[in-house]
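1. next input, structure requested:
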Amino acid sequence: METPPAPVTSAEPVALLTTDRLVLSADLRTGKARDDRLTVKYQPGRRYLVCTPAQWQLLQEFAAPGRTVPDLLLELIPEGRCPPLRGFYELVARAHQAGVLQAEGRPVPSLQPPADWALKLGGPAGRWLCLIALAAGTIAPLLRPVQMPGGPLPFVLGWLLAALALSAGQALAACILGRAGGDVYHPHFCWKSPLPHFRADLGDAIMGGRDVEIDSALARLAPMFAASAAVALSRPEWLLPVLCGQFLLLAPLWPSPLLDLLRALYGDPLLAAAPAVRLTPGQLPGLLRSAQAGLADRKFLLARTGATLAWLLLVFLAGCVLARANAVGLLQRFSAAGGFQLTAFALLGILAILVLGTLGAAAWMAWRRGRDWLREKADRRRRPQSASVEPADIARMLGGTLLFSHLPPEDLAAIAAAVKPEAHERGAYVVREGEEGDKLYLIYSGHLTVTQKLAEVGRTDRFGELHPGDLFGERALLGDGRRTATVRCATPCVLLTLDKAGFESLILRRLSRADLEDKVQKIGFLARTELARNWSQAALAAFAGRAKFHDFPKGSQIVRAGMQFEYFCLVHEGEFALVRDGKQKAHLRRGDCYGELSMLGHNTAKADIVALTPGRCLLVPSEDFLRFIMHDFAVALQFEQIGGERLGRPVFKAR
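-> Numbering: from 1, shown residues only. From the prediction side, this is the model:
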């Protein structure tokens, strides 16, 4: 099979897995690679995709043009047919790389037409003839002593015979592949080789399944072994180059007929054919997944390791025979030289290199982290630490915030002229929970902590931090005037304040209450939660647009076990208990979520959710939640992982 295509770049999967309209190619061939594996070939571009029958059924859902990945998932999840999301996303990406799935406006793999190969041979008799040749080529050299060439002529003649046998093996394998209905690609003469020979690309053998792969590998070996048997019995002085050709074909260290034979007998073509599809930026994750796939094919890995050890032993023994070496004498000399002393020193040296390398890598990482920390600390010190701030600087900072970024320069200048800078020392309380509030605060510099009292459970929770550009105090101005949390300076801070009159005249005339709620109360809260900390701005805005605040009095029941729960719930304030069989199993606090399992197909609630304190939650209806996560594959994978951890098993069954 050809070398897998280059991995998808980090920018491509975003559109491919969200907005691209995909369609199944019409130019496909399928073959049975194994009992539970299918090979799908994009014929014009000669690309292969190995998948399971269930995966092939999923890909056939794209037979009708114009469907996106989210469109299909939104059909599969309610029907209980959704596969594990990571596997499905990687399947779609691999299918697109192979040309099996094609996207509107994206290029397809370039044309690679097969050669016109007319000769066709093979069948059961062909396999037996190959096996007989292998047996003869193994036994005959053992019956006659190997002779070193008496001069250059016998060596050259043996070398020419080995090159001819290698070419005959390639041609015979191409004939067998042609008889099985496969395509032969790029037949040519290879000059840049120790044995110049004819060769052809026979990767299409995977379309015929295991039997064709085995026959193709045996056919490439048979002529060389037949030549070895013939010269061993008739021209032993020609045997050395032919034996070298045998060892070349039997080497499992590089692409060879023996390696293809081991892969056909013990390998999993699904793992061997999977390219490094990167669903996240960065090269290392793709490399690690490739290595993991290779290690997962344990049977093939074990067979290749055993074959490598056997091959190295054969090479050593053949060298001893040719050099007339005395094994007993070699062992005696080794013992007299101190046995394993040199080996022990070598192993200790290797171990020291590994230890020092590990320590060096750890020290380098610590140095990098320390350097970044010092740089961040220096950046903090460069921020203004006094209450004297120029209006132009304030306007520039306002333009970089989420809330005011879309306002024109004249509006930013008006707000900057109206705010009053205030300096606060470290540890100072800016606002206290329950107090009357008449100011809006915008952080110019410094960091603050936010806490809230849960009187019903006798505890004060720290549920967030505020940083430059964040805004707080708007709920008191929009609501009943009371502060709902306590904000305290963790560092010296400069805050920009705006009184209620200025808030109403400058802010509410330019921004609606819905904008304030979405961009400040929702997005600002989401960005500080563990759940949404790494979401993109687009994902934060999409979630905020779908979520609605809902208040719950103390003792109210959000969910009852066994009921159909139609919302995803994210706790904004308060504390809730998860009750199962009359016992509290867990507590849900600010930033905790519930309901994703019901959304992902496990339709009934498994426990009661009861408010221990007055609380407030963001609720997203099930249909909106599914549309939200299906249009951002990174978020979908995150929720699949969260659900799997709660269930103790995968959310979606492998198919």
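2. averaged pLDDT, stretch 99-113. What do you get?
-> The average pLDDT for stretch 99-113 rounds to 89.
3. is Tyr48 located within a strand, as I assumed?
-> Yes - using DSSP: H, G, I helix; E, B strand; the rest coil, the assignment for Tyr48 is a strand.
4. for it, give its distance to Ala93.
-> 15 Å (Cβ to Cβ, to the nearest Å). Where C-beta positions appear, they are placed from N, C-alpha and C, glycine not excepted.
5. repeat that for Asp480.
-> In terms of Cβ to Cβ, Asp480 sits 52 Å off from Ala93.
6. tell me which of those two has more neighbours.
-> Legend: neighbour count by other Cβ atoms under 10 Å for Asp480 and Ala93, higher for Ala93 (23 against 9).
7. and that one, that's in a helix?
-> Yes - counting by three-state DSSP, Ala93 falls inside a helix.
8. I'd guessed it sits against Val14; true?
-> No - Ala93 is beyond contact range of Val14, at 11.3 Å (criterion: Cβ atoms under 8 Å).
9. could you check the pLDDT of Arg324?
-> Value listed for Arg324 in the pLDDT field: 59.
10. residue contacts, Gly399?
-> By Cβ atoms under 8 Å, 6 or more residues apart in numbering, Gly399 lies in contact with Ser405, Leu407, Pro409, Leu412.
11. farthest pair in those?
-> Using Cβ to Cβ, the contacts of Gly399 span at most 11.9 Å, a distance reached by Ser405 and Pro409.
12. residues in contact with the nearest residue to Ala264 once chain neighbours are set aside?
-> Nearest residue to Ala264 in three dimensions, chain neighbours excluded: Glu213, at 3.7 Å (Cβ to Cβ, 6 or more residues apart in numbering). Contact partners of Glu213, counting by Cβ under 8 Å, 6+ apart, are Ala205, Ile206, Asp260, Leu261, Arg263, Ala264.
13. which one of those is nearest Ala538?
-> Comparing these against Ala538 with Cβ to Cβ places Ile206 closest, at 40.8 Å.
14. Gly142 is in what secondary structure piece?
-> One correction, residue 142 is Leu, not Gly. helix 124-143 (DSSP states H and E).
15. mind listing what's buried in that helix?
-> Gly126, Arg127, Leu129, Cys130, Ala133, Leu134, Ala136, Gly137, Ala140, Pro141 (16 or more other Cβ atoms under 10 Å).
16. that helix packs against which elements?
-> Applying 3 or more Cβ pairs under 8 Å, 6 or more residues apart in numbering; DSSP states H and E, we find helix 124-143 packed against helix 210-234, helix 239-250.
17. let me see the mean pLDDT of the helix or strand following it.
-> Per DSSP H and E, the first helix or strand lying C-terminal to helix 124-143 is helix 152-179. Helix 152-179 carries an average pLDDT of 90.
18. stretch 529-537 now?
-> Here the average pLDDT along stretch 529-537 is 84.
19. can you map out the strands along the stretch 501-650 of the chain?
-> Assignment of strands within the stretch 501-650 of the chain using DSSP state E, counting those that start in this stretch yields the ranges 548-552, 557-559, 567-573, 576-580, 583-588, 593-594, 608-611, 615-621.
20. buried deepest among the helices and strands packed on helix 124-143, which one?
-> When these are scored by mean count of other Cβ atoms under 10 Å, the highest mean neighbour count falls to helix 210-234 (a mean of 23).
21. what angle separates that helix from helix 239-250?
-> Orientation check (axes from the mean of the first three to the mean of the last three Cα atoms, to 10 degrees): helix 210-234 against helix 239-250 gives 170 degrees.
22. where's helix 210-234 relative to the chain centroid, distance-wise?
-> Centroid displacement of helix 210-234 relative to its chain, using Cα atoms, centre = their mean, to the nearest Å, is 41 Å.
23. one more: stretch 539-548?
-> That offset, for stretch 539-548, works out to 26 Å (Cα atoms, centre = their mean).
24. how about the contacts made by Phe503?
-> By Cβ under 8 Å, 6+ apart, the residues touching Phe503 are Leu440, Glu474, Leu477.
25. do that again at 6 Å, thanks
-> Phe503 makes contact with Leu440, Leu477, according to Cβ atoms under 6 Å, 6 or more residues apart in numbering.
26. the domain parsing of this structure - what is it?
-> 12-103, 124-266, 335-382, 391-511, 542-647 (automatic domain parsing).
27. just put these in JSON lines and tack on distance to Lys299.
-> Below are those laid out as JSON lines (distance: least, Cβ to Cβ, whole Å):
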{"stretch": "domain 12-103", "distance to Lys299": "12"}
{"stretch": "domain 124-266", "distance to Lys299": "4"}
{"stretch": "domain 335-382", "distance to Lys299": "29"}
{"stretch": "domain 391-511", "distance to Lys299": "51"}
{"stretch": "domain 542-647", "distance to Lys299": "27"}
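28. out of these, which gets nearest to Ala310?
-> That would be domain 124-266 among these, by Cβ to Cβ, at 8.8 Å.
29. who wins for proximity to Ala251 among the strands of the stretch 501-650 of the chain?
-> Of the strands of the stretch 501-650 of the chain, nearest to Ala251 by Cβ to Cβ is strand 593-594, at 55.3 Å.
30. give the rounded mean pLDDT of that closest one.
-> 89.
31. next one: it to chain centre, how far?
-> 26 Å.
32. contacts for that strand?
-> By Cβ under 6 Å, 6+ apart, strand 593-594 touches Leu531, Cys569, Leu570.
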